[in-house]
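**Q** Pasting a predicted model and its sequence here:
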Amino acid sequence: MNTTLPRAIVALFWLACAPASIALAQPAIAPVAAAAVTLPEAIRDRIDHLRYETQHDVRGARIMGDELVARYYESQQFQPAWQEAGRLDTLITALGEMRDDGLDPEDYHYAALQSYRLDLRMNLLTVEDRANLDLLATDAFMLSLYHLFLGKVDPQKLSPQWNFSQRPVPVNDGLQRLAQRLAAGEIRETYAAARPQHVWYQRGRERLREYRAIADAGGWPGLPDGPTLKPGMEDPRVPILRQRLRITRDLATASVVAPTEETLYDPDLATAVQHFQARHGLTADGAVGPGTRAALNVPVESRIGQIRVNLERARWTLHEIKGEFVLVDVAGFYVSYFRDDEPIWTSKVIVGRDERETPIFRSTITYVVFNPTWTIPPGILVKDKLPELQRNPGALKRMHIRVLDGSGREVDPYSINWHRYGPSRLPPYQFRQDPGPDNALGLVKIMFPNPYLVYLHDSPAKSLYDQDQRTFSSGCIRVQKPFELTELVLNDPQWNQQTIQALIDSKETRTVNLARPVPVLILYWTAQPRPDGQVIFRKDIYGRDPPTLAALDSEFRLPASPP
């Protein structure tokens, strides 16, 4: 018999990873007349129905994890778990707090359980009602914990490159540990354990509460169109700008101006605008032109959606982020080296263009190459280089790209009829660029195994790092400060900036293996909570937020577990 559950059920059983120290005592059951003694039998009867009913509706709520619920009660000899009002209160409170995670409490039978709670307190429930209540509460408990631990949305359905590992857990052990948690009344503790144990996630929940409070208070005003606002100008829109920035705490709420200066774009307001621009990935020049105005006028509801989407992404990944690792934020155009949950180093990066997106996946950095050569990948060859060769066979020579045959011998590009080749018939040659400052990979590349031919590397095009939106590559990640990152990942006293520069100056192509491989995560964040209580927002450069948000708001059903 298969003893592991698929991804959709794993979370429930992980939640009790720590050994429990309590016995499998059953919760107290409120006295309800003689019929109460048949409650386990009523639960068994309802479990039987779960086996063949296509719909499992209880007070308008639908039991989603029918097979998992059935297996749980069978393992517990159909004993109830939710007949004590205080325990049910704790569950309902925990479900309400799912809103801070960007999840909808109604996905977990919130209204139906509130209705049951009132009737339970008033002793109005029949034994059949009590059985239905128990199954519904268990279903809500399991489903909500699963969503907290692994996310509601399956990332593999959104991105074919997704390769973060699943967490298989034995079924029988998982069911027992879950029962121990329930018997001990450790409901709130179980929810706390299910959430990512990372400070980023807690900050995200706090910021979501803050932005929802802003929405409840009416949001923020829109800044009307008009000429670019610059420090020192007088403009009737300045009071609106000041109000807008106070709401998001870019401008101190205690900042006061004299009535005669309300329309003056003063230095304090300019500093606040620069702060806002930096948070939104804009050039922090203090000038409120079309780009900054557009960011200011994004509705608070849209920002709430962004935070919710990124909390979901955090549930996919933050359980895995521990120790030292490299994290590339594709949407934010940054790479960071993390240690103890916080970045100790950061650099700008350039990522893939719209038509050549940088994939989202994880791997492990294993070696670096100094003074690398560059062998043109087939995709870039067909799309970029072959048309150049067809127009001018000598086009690649100025870039020090040589044409090599299968034996590694250099071939004169003028001796080849390039018009014979195309997407369906690739040239039988390698195209290799010599090492040097003009090499497409720059002077160092940082390598990690992956099927996408993606890696971190230097670049000769330094001016591109000055752009706000840095989508210029063919999928690889160009690093503005590659030698600093190289020193960090090598983590070896013999490799410092001086020895690295000496090797670069030697023009020797050399591969250096890492003594300790370093995990690298290529992720996509469009909203990030900062330690200072603010949120960094970024453009959704690849259009990934809307499908994630739509899936987050759609109905969910746990797939059946294996027999």
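**A** Done, it's in.
**Q** all contacts plus neighbour counts: C-alpha atoms, from now on.
**A** OK.
**Q** So what touches the helix or strand where Leu549 lies?
**A** Counting by DSSP states H and E, the secondary-structure element that holds Leu549 is helix 545-552. Defining contact as C-alpha atoms under 8 Å, 6 or more residues apart in numbering, one finds that helix 545-552 is touched by 103, 152-153, 158, 305-306, 308-309.
**Q** cool, stretch 205-224 as well?
**A** The set of residues that contact stretch 205-224 without belonging to it, under C-alpha under 8 Å, 6+ apart, is 100-102, 237, 240-241, 243-244, 247, 293, 296-297, 299-301, 303-304, 307-308, 311, 529, 533-535.
**Q** Can I get the buried part of these as one PyMOL selection?
**A** What follows is the PyMOL syntax selecting those of the contacts of stretch 205-224 that are buried according to 16 or more other C-alpha atoms under 10 Å:
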select buried, resi 100+101+102+237+240+241+244+247+293+296+300+303+304+307+308+311+529+534+535
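**Q** In helices only, show me the contacts of stretch 205-224.
**A** Within these, membership in helices is found for 240-241, 243-244, 247, 293, 296, 300-301, 303-304, 307-308, 311, as judged by DSSP state H.
**Q** Identify the residue spatially nearest to Phe276, adjacent ones excluded.
**A** Nearest-residue entry for Phe276: Asp250, 6.0 Å, with adjacent residues in sequence omitted and distances by C-alpha to C-alpha, 6 or more residues apart in numbering.
**Q** quick one: contacts for the one you found?
**A** Asp250 is in contact with 272-273, 275-276, counting by C-alpha under 8 Å, 6+ apart.
**Q** and if you look at Ala278?
**A** Under the criterion of C-alpha under 8 Å, 6+ apart, the contact partners of Ala278 comprise Ala284.
**Q** Give me the three-state assignment for it.
**A** Classification of Ala278 into helix, strand or coil gives helix, according to DSSP: H, G, I helix; E, B strand; the rest coil.
**Q** quick one on the thing from earlier: in JSON lines, list the ones in helices among the contacts of stretch 205-224 along with distance to Gly394 and pLDDT.
**A** Formatted as JSON lines, those follow (distance: C-alpha to C-alpha, whole Å; pLDDT from 0 to 100):
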{"residue": "Ile240", "distance to Gly394": "59", "pLDDT": "97"}
{"residue": "Leu241", "distance to Gly394": "56", "pLDDT": "97"}
{"residue": "Gln243", "distance to Gly394": "60", "pLDDT": "95"}
{"residue": "Arg244", "distance to Gly394": "57", "pLDDT": "97"}
{"residue": "Ile247", "distance to Gly394": "59", "pLDDT": "97"}
{"residue": "Arg293", "distance to Gly394": "47", "pLDDT": "98"}
{"residue": "Leu296", "distance to Gly394": "50", "pLDDT": "98"}
{"residue": "Val300", "distance to Gly394": "55", "pLDDT": "98"}
{"residue": "Glu301", "distance to Gly394": "55", "pLDDT": "98"}
{"residue": "Arg303", "distance to Gly394": "51", "pLDDT": "98"}
{"residue": "Ile304", "distance to Gly394": "54", "pLDDT": "98"}
{"residue": "Ile307", "distance to Gly394": "51", "pLDDT": "98"}
{"residue": "Arg308", "distance to Gly394": "52", "pLDDT": "98"}
{"residue": "Leu311", "distance to Gly394": "51", "pLDDT": "98"}
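**Q** Okay, and Lys157 sits in which element?
**A** Taking DSSP H and E as the criterion, the element that holds Lys157 is helix 155-158.
**Q** what does Pro393 give?
**A** Applying DSSP H and E as the criterion places Pro393 outside every helix and strand.
**Q** Surely it is in contact with Pro413?
**A** Yes. Here Pro393 reaches Pro413: they are 5.5 Å apart, a contact under C-alpha atoms under 8 Å.
**Q** Looking at this protein, which strand is longest?
**A** Among the elements of type strand in the chain, defined by DSSP state E, the one spanning the most residues is strand 510-523.
**Q** and that one, which residues are buried?
**A** Neighbour-count burial for strand 510-523 flags 514, 517-523 (criterion: 16+ other C-alpha under 10 Å).
**Q** got it, and stretch 429-437?
**A** Residues of stretch 429-437 classed as buried under the neighbour-count rule (16+ other C-alpha under 10 Å) are 429-437.
**Q** Could you tell me the end-to-end distance of it?
**A** With C-alpha to C-alpha, to the nearest Å applied, stretch 429-437 spans 24 Å between its terminal residues.
**Q** neighbouring contacts of it?
**A** In contact with stretch 429-437 (C-alpha under 8 Å, 6+ apart) are residues 371-376, 399-406, 439-440, 442-443, 460, 507, 509.
**Q** Centre of the chain to it, how far?
**A** For stretch 429-437, the gap between its own C-alpha mean and the chain's C-alpha mean amounts to 36 Å (C-alpha atoms, centre = their mean, to the nearest Å).
**Q** Kindly report the same for stretch 269-287.
**A** Counting by C-alpha atoms, centre = their mean, stretch 269-287 is centred 25 Å from the centre of its parent chain.
**Q** end-to-end on it?
**A** Taking C-alpha to C-alpha, the first and last residues of stretch 269-287 lie 11 Å apart.
**Q** tell me which residues in it are buried?
**A** In terms of neighbour count (16+ other C-alpha under 10 Å), stretch 269-287 has its buried residues at 269-284, 286-287.
**Q** Isn't Ser144 up against Leu95?
**A** Yes. Between Ser144 and Leu95 there is a contact at 7.4 Å, judged by C-alpha under 8 Å.
**Q** Mind listing the shared neighbours of those two?
**A** Contact criterion C-alpha under 8 Å, 6+ apart; residues shared by Ser144 and Leu95: Tyr108.
**Q** Select the longest helix from this protein.
**A** Determined from DSSP H, the single longest helix within the chain is helix 127-150.
**Q** which residues sit against that one?
**A** Applying C-alpha under 8 Å, 6+ apart, the set of residues contacting helix 127-150 from outside is 8-12, 35-36, 38-40, 42-43, 46, 58, 63-66, 69, 80-83, 88, 91, 95, 98, 101, 108-109, 113, 116, 152, 191, 194-196, 315-316, 558.
**Q** Tell me the buried residues within those residues.
**A** If you count burial by 16+ other C-alpha under 10 Å, the buried members of those come out as 8-12, 36, 39-40, 42-43, 46, 58, 63-66, 69, 80-83, 88, 91, 95, 98, 101, 108-109, 113, 116, 152, 191, 194-196, 315-316, 558.
**Q** returning to what we had before: quick check: mean pLDDT of the helix holding Lys157?
**A** The average pLDDT for helix 155-158 rounds to 85.
**Q** how far out from the middle of the chain is it?
**A** From the chain centre to the centre of helix 155-158 is a distance of 12 Å (C-alpha atoms, centre = their mean).
**Q** For Ala81, see how far away the residue nearest the centre of the chain is.
**A** Most central in the chain under C-alpha atoms, centre = their mean is Arg313, positioned 2.6 Å from the mean C-alpha point. The gap separating Arg313 from Ala81 is 32 Å, by C-alpha to C-alpha.
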